[in-house]
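> Here is my input, please return the structure:
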Amino acid sequence: MLVTVASFSFPYEAQIAKAALESEGIKAFVADEHTINMQWLYSNAMGGVRVQVLEYDLESARLMLNQDHSMKVYAEVGERQVRYCEYCSSTNMEPFTKGKKPAYLVFLFFGMPLFFYKHGLKCGSCGRFTKI
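Numbering: from 1, shown residues only. As a prediction, the model looks like this:
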């Protein structure tokens with residue numbers, strides 16, 4: 001029997017998790033990938049793109065997916081670039097998509113998506129948005 005070990009907003013994230021699990025010898029499957037690819041606004045309503053494993057592999061899969069591999073990345077790529085807020089000089093910067101909610105509302109009312117959102121960073125201290 002298949003059980004869901006993780007869910008993601010985007011199919012590529014689920015594919016990365018599946019590849020990581022399979023590299024450890026855990027058979028994994030991706031559910032709802034094509035539906036979310038066709039209608040990305042359904043992602044939250046459907047619970048995202050789900051990565052599923054066999055029931056007896058559930059604990060091993062959870063442990064594997066919850067490991068922090070950032071030090072391996074830093075060793076391979078180099079030190080992490082620290083970003084500062086240009087308004088308050090805080091280092092508490094998080095990835096953020098500005099305009100995602102209005103784009104969803106436009107899709108609901110007009111039946112077609114208008115992509116007017118911006119990707120950037122949001123300061124966790126002062127709340128200001130900075131476009132990358």
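> Give me the neighbour count for L21.
22 (other CB atoms under 10 Å). Just so you know, the C-beta spots here come from the backbone N, C-alpha and C atoms, and that holds for glycine as well.
> L121 versus the closest residue to it other than its chain neighbours, what's the distance?
Of all residues not flanking L21 in the chain, A28 sits nearest, at 4.2 Å (CB to CB, 6 or more residues apart in numbering). Distance from A28 to L121, counting by CB to CB, to the nearest Å: 32 Å.
> These two - which one has more neighbours?
Per other CB under 10 Å, whichever of A28 and L121 has more neighbours is A28, with 23 against 18.
> What residues does the more buried one make contact with?
Contacts for A28 (CB atoms under 8 Å, 6 or more residues apart in numbering) come out as 5, 17-18, 21-22, 51-53, 61.
> Whichever of those end up buried, select them in ChimeraX.
Of these, the buried ones can be selected in ChimeraX as follows, counting by 16 or more other CB atoms under 10 Å:
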select :5,17,18,21,51,52,53,61
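> mind listing the helices in the protein by residue range?
11-23, 33-38, 43-46, 58-65, 70-77, 100-110 (DSSP state H).
> Tell me which of these sits nearest to C126.
helix 100-110 (20.4 Å; CB to CB).
> Any buried residues in the closest one, and which?
By 16+ other CB under 10 Å, the buried positions in helix 100-110 come out as 103, 106-107.
> wait, which of these is closest to F116?
A103 (6.4 Å).
> these two touch, right, that closest one and F110?
No: here A103 does not reach F110: they are 10.8 Å apart, not a contact under CB atoms under 8 Å.
> quick revisit: okay, the helices of the chain in a markdown table with distance to G127 next?
Formatted as a markdown table, the helices of the chain follow (distance: least, CB to CB, whole Å):
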| stretch | distance to G127 |
| --- | --- |
| helix 11-23 | 26 |
| helix 33-38 | 29 |
| helix 43-46 | 23 |
| helix 58-65 | 31 |
| helix 70-77 | 25 |
| helix 100-110 | 16 |
